[in-house]
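Trainee: Next one to model:
(one chain, ligands or ions: 1)
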Amino acid sequence: MPVAVLLPLLAVQENGRRTQPAQARNSSRHRIRDFGVGLLAVLVDNLDFDSIRRQFEVNAIAPLRLTQALLNNLKSGAKVVMMTSRMGSIDDNTSGGSYGYRMSKVALSMAGKSLSHDLKSKGIAVAILHPGLVKTRMTGFTDSGITTTQSVKGLLTRIDQLNLQNTGTFWHSNGEILPW
Ligand SMILES: NC(=O)c1ccc[n+]([C@@H]2O[C@H](COP(=O)([O-])OP(=O)(O)OC[C@H]3O[C@@H](n4cnc5c(N)ncnc54)[C@H](OP(=O)(O)O)[C@@H]3O)[C@@H](O)[C@H]2O)c1
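Mentor: Numbering: from 1, shown residues only. The predicted structure is shown next:
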């Protein structure tokens, strides 16, 4: 997928400058890292604890580690975006299962919320974003998903609107504020 789309998970935008997807790859002002693992159809009678641990490493610990590594390079006006998932919403969990994925995304959202408090005094805003249900490999390119282009368009709008007043908010890419 094109760079900007696929960057779900962690996006860092410096100086409050919006960067077009095509420019993002080489821009020194816009860094987006896309990674994440999700084993979605896992039930309680089919748990793999090594897989759950791995999902925590990739989905929750790695983005926090990356944020810490970048911190000295982020100036006032920079933005940090955690690409979490609606599946990491406890209120929204009406179907169960997907233990490692759901648990690791809750942890990521909590890291994003703490960062929003800790980085506010440095002038850095943090968003916790859900890209929507997107046609990607993770979802088996589901027919009910939106395209990556649609998702990224919404994500960039949310990033544009992110500021120190709304820092720490959990948004759907379509602008809906999601329950924790
Ligand atoms: N698609 C959705 O509907 C949806 C909904 C909610 C949230 N999200 C989130 O959006 C993000 C991207 O999801 P996606 O749908 O684009 O998933 P995807 O199609 O499965 O792509 C995941 C990407 O993460 C990379 N990756 C996985 N493990 C990695 C690791 N340990 N180190 C570095 N890169 C790694 C993969 O690299 P390789 O190609 O090398 O394996 C791949 O490029 C994830 O955080 C996901 O949780 C997606």
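Trainee: Quick check on the residue positioned nearest the centre of the chain: phi, psi?
Mentor: Geometric centre of the chain, nearest residue: residue 83, 0.4 Å, by CA atoms, centre = their mean. When read as degrees, to the nearest 10, the backbone of residue 83 gives phi -90, psi 90.
Trainee: Could you give the bridge partners of it?
Mentor: residue 129 (DSSP bridges).
Trainee: sec struct for the residue of the chain positioned farthest from its centre, please.
Mentor: Among the residues of the chain, the one whose C-alpha is farthest from the average of all C-alpha positions is residue 45, by CA atoms, centre = their mean at 28.8 Å. When states are read from DSSP: H, G, I helix; E, B strand; the rest coil, the local structure at residue 45 comes out as helix.
Trainee: What of residue 114?
Mentor: For residue 114, the secondary structure call by three-state DSSP comes out as helix.
Trainee: Quick check: pLDDT value at it.
Mentor: Per-residue confidence for residue 114 comes out at a pLDDT of 97.
Trainee: Remind me what the helix or strand containing residue 52 packs against, helices and strands.
Mentor: Assigned by DSSP states H and E, residue 52 falls within helix 49-56. Using 3 or more CB pairs under 8 Å, 6 or more residues apart in numbering; DSSP states H and E as the contact criterion, the elements in contact with helix 49-56 are helix 99-120. Backbone N, C-alpha and C define where each C-beta goes, glycine included.
Trainee: Mean pLDDT per helix and strand in the chain: which one sits at the bottom?
Mentor: helix 21-24 (a mean of 38; mean pLDDT, DSSP states H and E).
Trainee: coming back round to it: for the helix holding residue 52, the distance to its chain's centre please.
Mentor: On the basis of CA atoms, centre = their mean, to the nearest Å, helix 49-56 is displaced by 18 Å from the centre of the chain it belongs to.
Trainee: okay, the angle between it and helix 99-120?
Mentor: With axes from the mean of the first three to the mean of the last three CA atoms, to 10 degrees applied, the angle from helix 49-56 to helix 99-120 works out at 30 degrees.
Trainee: Name the next helix or strand downstream of helix 49-56, please.
Mentor: For helix 49-56, the following helix or strand on the C-terminal side (DSSP H and E) is helix 62-70.
Trainee: So which bits of that next one are buried?
Mentor: When neighbours are counted by 16 or more other CB atoms under 10 Å, the buried residues of helix 62-70 are found to be 62, 63, 64, 66, 67, 70.
Trainee: my read: residue 108 touches residue 84, true?
Mentor: Yes. At 4.9 Å, residue 108 and residue 84 qualify as touching, with contact defined as CB atoms under 8 Å.
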